[in-house]
Every structure is written in C-alpha cells, then in structure tokens.
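Chemist: Model the structure of this input:
(chains A and B)
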2 protein chains.
Amino acid sequence: MKIALLGTGTVGRALARGLARCGHEVVIGTREPEATAGRDLGAETFAQWLVASPGVTLAAASEAAAVGDLVVNATNGEASLTALAGAGEAALAGKVLLDVANPLDFSNGFPPTLSVCNNDSLAEQIQRAFPSVLVVKSLNTVTADVMVNPAALGAAGGAMFVAGDDATAKAVVSQLLTDLGWQSVVDLGGLAAARGMEMYLPLWLRLMQATGTAEFNIAIVRREG
Amino acid sequence: MKIALLGTGTVGRALARGLARCGHEVVIGTREPEATAGRDLGAETFAQWLVASPGVTLAAASEAAAVGDLVVNATNGEASLTALAGAGEAALAGKVLLDVANPLDFSNGFPPTLSVCNNDSLAEQIQRAFPSVLVVKSLNTVTADVMVNPAALGAAGGAMFVAGDDATAKAVVSQLLTDLGWQSVVDLGGLAAARGMEMYLPLWLRLMQATGTAEFNIAIVRREG
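Modeler: Alright, predicted model coming up:
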C-alpha cells in the first residue's frame, strides 16, 4: 500500500526502509523537502540515503499525507501534533494513522519524563485533535532497528502491542506488523491502552541502561495450559 | 532471617507463606492484631490461615517492625505511608525495607491510575518519609502468586527488577528473590528507577485483560552475542 510517513529522524528512516522492503510504497513527508534532502546524516546526506532506499520518496508533509492510504506518525512526540497539523486535517481525514511516537520530555535531562501520562496519552491527544482519523498505537515500545527487524532478537522478537478504537484499523496495522516480522501481536484494546504503552517507556529506558543496549524487547511469559 | 511484613491482604499473605517456606521467620504486622485474626477470608478466618502457615505469626505493626531484621511493605499503596508511620520510625530505622506496593488509585474505577508517577514514585516517597531506611523496590510488577512461585511460569519466571540507592540492601533483597525462585534479577539502578517499575503497572493491567490472567510476567529478549 501507499504509506505516508511523517518523521525524518532515526525512527522515520528505519521504518521507511523497513516498510518499503515489505513491498510498500513509502512517501516521507516533511515540512521543507529541500532542506531535509540536504541534511547531513553523518555518513551521507538525506538525499544520498534516499537514493539508497528503493521504494522511498520524499515530499511535503501535506502532499505525502494526501497520497498515503495510511499515515505513520514517526515524529518526535513533543512535535507530533504540530507535524500532523502541518500535514493537514483534510489529507488525514478517515485514514488509519499508526502512531509510534513517545511523548518524551528531555528538558530536565536523562532519563526523560513523559509530557503526558496516567489519565491521557499522546495517541489520545492525536485522536482528539483529528477525530476522523483512525489512530492505532504500536511500535513505540522498541527501538527503531527492532521495529523493522524483530527476528534479530531471540524468542521471535517478543511481544508487540496494538491499541486503538477501530477494529478494522487495528487489523490493517497488525498486517503491517506481520509484514515487518512480528509474530506475537497483542491487542490491548481501545486507544486508552496507549497510556500503558507510553508509560512503559520509563522502564524501557532503565532497562536500556541496565542491559547496555537498546536492541531488546519484552516477551510475555505465562503459566502453561 | 526475621522478616516483619506489613500488609494482611492477598499480597501480604502470599509473601508471608512464600518467605516462610524459604526458612525465614515472618511476623505479619497489623494495626489491630485481634481484629485481623478474626477477619473472614472467605474459606477461613485469618487466625485459621495463620495456623496453616508454619513460620508465620501475627503482631502489632510496631512490635513486628521492632523484631524484624528486614521489613516488607505489602500494604495497599495508598495506605503505605500511614502504615509505615504506624510501625514507627524508630523500629524501622536503619533497616532494609522491601517495597512491593503500587500507588494505584481506584477512585475512578478500573483500570486505576497512579496516585504518584512520572517525576516521583511511592518508593521515593517512602524513602523521603523515612530517610534512615534502606528502601528497595521489587516484586511490584507481578501478581502475588507469581511473586512467590515464578517457576510456575515458563522461561524461568521472566525478569524481576530491583531498584534502590543502597547496594548492600539490594544484595539482601536479591538473595530473598533467589530464595523465592527468581533466576533473572535485573538491577535497574537507584531508587528513582522505581518510577519505571511503578509506571509499568498500567501496561500490566491491560496485559492482564488481554491475556485473561494475572499469572504472567515479562521476560527480556535481546540480540544474542
């Protein structure tokens, strides 16, 4: 399918390549495509990265959102509402929106706190701001490389969660997760469950420090039978 | 060792029996021992439960805390500070305190929210209220039966976390965890990491709903080698 992906950072680029590798046509949406294309990524420019990423193109956010059958929010959690507003409500209307962002607030250093939590979540904020969009939360509980290559971890990658109020939208996202290699997709229910998924981040950050790597995930173990 | 255990609910009773089974002498501390002894637990009274629990006795909270080499806080998270104050600062002074409670607020129904989170935690509140106590957070991420019988789950029970500012206190608690059958104990660092452990609860609650059982845990899966 045609996927509009908002976010040009590590997560956005990893997801773009991962989804394109599955046969999807990915259009990365950004505020100023020319400035993004010229950005220095260290070993290469964004334009060079694009050339080496078959199936991935770059466009203005509004243009990307307009052509996408599904929209992925892979922007910084603190900037997500602004980025989605930039894509435009009309272009997003009625579409499935996969939200992988975390509302991390680094203003007081590491580890960050959450800018929204407990009785609300970023995913619900997005849903309220764009009522006709079918928001599904997923993939926010693992690092970018794991999102698109769970098989690299033991135990079939562990568990991946989905939450959303629309069952069809969740089925569409679950299929994308299967495309990416996720074997254990756990439906946590309505979008309010995104609170739990986002509030897991403080534990994830401590686990990253304790294990010395971001390339990990959690698997559910339970009493047999 | 002699363990003072505050909390007479499901978690307290499961932990008392589990720790006694490991050879520890457990004194359950409560505000009014006689009233507790007469409490109807459904199939039996608390006094009958005590008789069937070798190695477990009941005493006033202050008395229990005074004789314990280590104190376990297994009270309701909302009542923990009051219960510990009832045990008395003098009796707790300088002792290791294993805090297994979660600050769950059920006032708005299920699922509960957290009464403290993000930039603070119940464990840190306890530490601030009783500065000379060596607070270690652990076991709050699983249901009572799993706390004392992790082997009943697959994958050796999954991961158990510890957080605390005192390394010796963490070593003492880690040994208790080993006694209980925990094979994968993950040290998350200082007591501030308890924020992550407590903020995992909203995800745990959704997972309980999704899996249809409280008898589960999470295991860490990571890239090999």
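Chemist: separation between the residue most central in space within chain A and B:Leu177?
Modeler: Most central in chain A under CA atoms, centre = their mean is A:Val100, positioned 2.5 Å from the mean C-alpha point. A:Val100 sits 34 Å away from B:Leu177, taking CB to CB, to the nearest Å as the criterion. C-beta coordinates here come from the backbone N, C-alpha and C atoms, glycine included.
Chemist: Give me the contact list for the top helix by length along chain A.
Modeler: Taking DSSP state H as the criterion, chain A has its longest helix at helix A:167-180. For helix A:167-180, the external contacting residues (CB atoms under 8 Å, 6 or more residues apart in numbering or on different chains) are A:18-19, A:22-24, A:70, A:96, A:98, A:134-136, A:138-139, A:147-150, A:160, A:162-164, A:185, A:187.
Chemist: go on, stretch A:24-38?
Modeler: Outside stretch A:24-38, the residues that touch it by CB under 8 Å, 6+ apart are A:1-8, A:12, A:16, A:19-20, A:45-47, A:50, A:55-65, A:67-68, A:83, A:86-87, A:176, A:179.
Chemist: and if we set it to 7 Å?
Modeler: A:1-6, A:8, A:12, A:16, A:19-20, A:45-47, A:55-61, A:64-65, A:67-68, A:86-87 (CB atoms under 7 Å, 6 or more residues apart in numbering or on different chains).
Chemist: And these, which of them are buried?
Modeler: Buried members of the contacts of stretch A:24-38, counted by 16 or more other CB atoms under 10 Å in any protein chain shown: A:3-6, A:8, A:12, A:16, A:19-20, A:46, A:55-56, A:58-61, A:64-65, A:68, A:86-87.
Chemist: Filter those residues down to the ones in strands?
Modeler: A:3-6, A:56, A:58-60 (DSSP state E).
Chemist: Chain B contacts on chain A?
Modeler: A:113-114, A:117-119, A:152-155, A:158, A:186-189, A:193, A:195-197, A:199-200, A:202-203, A:205-207, A:209-211, A:213, A:215-224 (CB under 7 Å from any CB of the partner chain).
Chemist: show me where chain A has helices.
Modeler: Counting by DSSP H, the helices of chain A are A:10-21, A:33-37, A:46-51, A:61-67, A:80-87, A:89-92, A:122-129, A:144-148, A:167-180, A:194-199, A:201-211.
Chemist: who's in contact with the closest residue to A:Val27 other than its chain neighbours?
Modeler: Take A:Val27 and drop its neighbours on the chain: the residue closest to it by CB to CB, 6 or more residues apart in numbering or on different chains is A:Ala64, 4.2 Å away. For A:Ala64, the contact set (CB under 7 Å, 6+ apart) comprises A:4, A:27-29.
Chemist: Out of the residues you listed, who's the most crowded?
Modeler: Within the contacts of A:Ala64, most neighbours by other CB atoms under 10 Å in any protein chain shown means A:Gly29, with 30 neighbours.
Chemist: any idea of the pLDDT on the residue lying closest to A:Leu191 once chain neighbours are set aside?
Modeler: In space, A:Leu191 comes closest to A:Asp165 once its chain neighbours are excluded; the distance is 4.9 Å by CB to CB, 6+ apart. In this model, A:Asp165 is scored at 98, pLDDT.
Chemist: Near A:Asp165, how many other residues are there?
Modeler: Using other CB under 10 Å, the number of residues around A:Asp165 comes to 16.
Chemist: Can you give me the separation between it and chain B?
Modeler: For A:Asp165, the distance to chain B equals 14 Å [CB to the nearest CB, to the nearest Å].
Chemist: wait, doesn't that residue sit right on A:Gly189?
Modeler: No. With contact defined as CB atoms under 7 Å, A:Asp165 does not reach A:Gly189; the gap is 9.1 Å.
Chemist: one step back: pop out the phi and psi values for the residue nearest to the centre of chain A.
Modeler: When read as degrees, to the nearest 10, the backbone of A:Val100 gives phi -110, psi 10.
Chemist: list the buried ones in stretch A:152-163?
Modeler: Judged by neighbour count using 16+ other CB under 10 Å, the buried positions of stretch A:152-163 are A:153-155, A:157-163.
Chemist: Could you identify the most distant pair in those?
Modeler: Farthest pair in these (CB to CB) is A:Gly154 and A:Ala163. Separation: 25.3 Å.
Chemist: Could you list the low-pLDDT ranges of chain A?
Modeler: For chain A, the stretches with pLDDT under 70 are A:155, A:225.
Chemist: Recalculate using a threshold of 80.
Modeler: Across chain A, the ranges flagged by pLDDT under 80 are A:154-156, A:224-225.
Chemist: Compute the distance between the residue lying closest to A:Leu104 once chain neighbours are set aside and chain B, please.
Modeler: Nearest non-adjacent residue to A:Leu104, counting by CB to CB, 6+ apart: A:Pro112, 4.2 Å away. Distance, A:Pro112 to chain B, by CB to the nearest CB: 10 Å.
Chemist: Which residue comes closest to A:Gln127 once chain neighbours are left out?
Modeler: Using CB to CB, 6+ apart and skipping the chain neighbours, the partner closest in space to A:Gln127 is A:Val135 (4.4 Å).
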